[in-house]
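>>> what shape does this take:
(one chain, ligands or ions: 1)
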Amino acid sequence: MLIAINYHYIREHFDAPYPSIFGVTPEDFSLQLDVLGRSACFLGIDDIVDIVDGKRSLPDRAVVITFDDGLKEQYEFAWPVLQKKGIPAIFYAITRPIEESFVTTTHKIHIIRAYTHPDGLLKHLQAVLAKESLEFSLPDAHKAQKVYRYDSVENARLKFFLNHVLEEKQQELVVGQIFHKAGFDQASMSNELYMDKCMTAELAESGCLGTHGHAHRPLGLLDNENALSDFVTSMNKLSEWTGLNVTTLSYPFGFREACSKTVAHQAERMGIKFAFTLERAGNMKIDAPMFMARFSVSDIFNAKRPGNIEEFWDKVTHASWFRYS
Ligand SMILES: [Zn+2]
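Numbers count the residues shown, from 1 in each chain. Sure, this is the predicted structure:
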């Protein structure tokens, strides 16, 4: 069985005026690797490609560590820990931020929320929506908390509204205006937040780089032309910067509708050998390499379960998305 575990933010501390960016410290990351290493072996890109190609079999208990979004802190804080321990991992970069000093809408929302009082954010949001003549009603709490299970009800509803109720163009417009109003500079924030081209080249050279798309768009929800263009741009940029072709994809957002068979087929034609969704499940076998399931680190390690994963291995369910149709 292969368990994939996804990380986002890796920071020495998570203090912020309104804490809303959550992640793992380098110390906790190191401890988590030690816990995982006691019950499983770690696989990297080449190992998984060999399994997909039938050149080797899947170990009884294997783990792959992944990082989405190409954040600089992943390179600065997690990469040295992995190198020291000799553990492989996969870093899924987004290319537009690196190319254009751009900040994705998702990350703009994280930053705004960390530095703006929730009431202030709601006011900014209502003002911008009124100006743009857009309707505003917060979504159902249950629906929102299904997606944002680690957020408070109000935060989950706000995040769900910004991320999933507004259409992509509206979202970009609304969030962009709030980001600007709150006084953030996109270029300097982008340079602070994301890896640079040299970092991607080093990770590719070490066999640890994958693509997370160009502009962090939900590929499965886009029309074919837009999805293909976003994906191809990311592949081309990465090969231009690294001199190598990446062979793995992490679907941006990772929820079911953000992934699709059409995107998977296009990606396979471009040389992608396997891809990760964010279906919270294990991969008992590699029966659909373009739709491998993956957990978020907080599904496995949290305050209530400080590193006891034996039970987790026993109870884990098998990936099912896109298997039966
Ligand atoms: Zn992402």
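
>>> list, one by one, the residues from the stretch 1-150 of the chain near the ion.
For the stretch 1-150 of the chain, the residues in contact with the ion (C-beta under 5 Å from the ion) are Asp68, Asp69. C-beta here means a position set from N, CA and C on the backbone, and glycine is covered the same way.

>>> counting neighbours, what do you get for the residue of the stretch 1-150 of the chain at minimum distance from the ion?
Residue of the stretch 1-150 of the chain nearest the ion, by C-beta to the ion: Asp68 (4.1 Å). Asp68 has 26 neighbours, counted by other C-beta atoms under 10 Å.

>>> which SSE is the closest residue to it other than its chain neighbours in?
In space, and not counting its chain neighbours, Asp68 is closest to Tyr92: 5.0 Å by C-beta to C-beta, 6 or more residues apart in numbering. Using DSSP states H and E, Tyr92 maps to strand 90-93.

>>> show the average pLDDT along that strand.
Strand 90-93 shows a mean pLDDT of 98.

>>> can you classify the closest residue to Gln170 other than its chain neighbours by secondary structure?
Ranked by C-beta to C-beta, 6+ apart and with sequence neighbours excluded, the top spatial neighbour of Gln170 is Leu134, at 6.0 Å. Look at Leu134: counting by DSSP: H, G, I helix; E, B strand; the rest coil, its state is coil.

>>> test my guess that Leu134 contacts Glu167.
No: when contacts are counted by C-beta atoms under 8 Å, Leu134 is not listed as touching Glu167 (9.4 Å).

>>> and the two? Which one has more around it.
Leu134 (15 against 11).

>>> picking that back up, mind checking how far the strand holding Tyr92 is from the chain centre?
Centroid separation between strand 90-93 and its chain, computed with C-alpha atoms, centre = their mean, to the nearest Å, is 9 Å.

>>> with stretch 243-262 instead?
10 Å.

>>> distance between the ends of that stretch?
27 Å (C-alpha to C-alpha, to the nearest Å).

>>> now that stretch: mean pLDDT?
Stretch 243-262 carries an average pLDDT of 96.

>>> please parse the protein into its domains.
As assigned by automatic domain parsing, the chain contains the domains 2-94+194-315, 105-187.

>>> which secondary structure element contains Leu121?
Counting by DSSP H and E, Leu121 is part of helix 118-131.

>>> can you name the residues that contact the residue nearest the centre of the chain?
Note on the chain: the residue nearest the mean C-alpha position is Asp68, at 3.4 Å, using C-alpha atoms, centre = their mean. Asp68 sits next to Asn6, Tyr7, His8, Tyr92, His212, Ser250, Gly254 when contact means C-beta atoms under 8 Å, 6 or more residues apart in numbering.

>>> mind doing that once more with 6 Å?
Asn6, His8, Tyr92, His212, Ser250 (C-beta atoms under 6 Å, 6 or more residues apart in numbering).

>>> quick one: the residues you listed as JSON lines, columns for secondary structure and neighbour count too.
Shown next, in JSON lines, are those (DSSP: H, G, I helix; E, B strand; the rest coil; neighbours: other C-beta atoms under 10 Å):
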{"residue": "Asn6", "secondary structure": "strand", "neighbour count": "21"}
{"residue": "His8", "secondary structure": "coil", "neighbour count": "20"}
{"residue": "Tyr92", "secondary structure": "strand", "neighbour count": "25"}
{"residue": "His212", "secondary structure": "coil", "neighbour count": "24"}
{"residue": "Ser250", "secondary structure": "strand", "neighbour count": "28"}
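
>>> can you count the residues close to Gln186?
So Gln186, with other C-beta under 10 Å, has 16 neighbours.

>>> what about the residue lying closest to it once chain neighbours are set aside, which helix or strand?
Distances taken as C-beta to C-beta, 6+ apart place Val103 nearest to Gln186, at 5.3 Å, with adjacent residues excluded. Under DSSP H and E, no helix or strand contains Val103.
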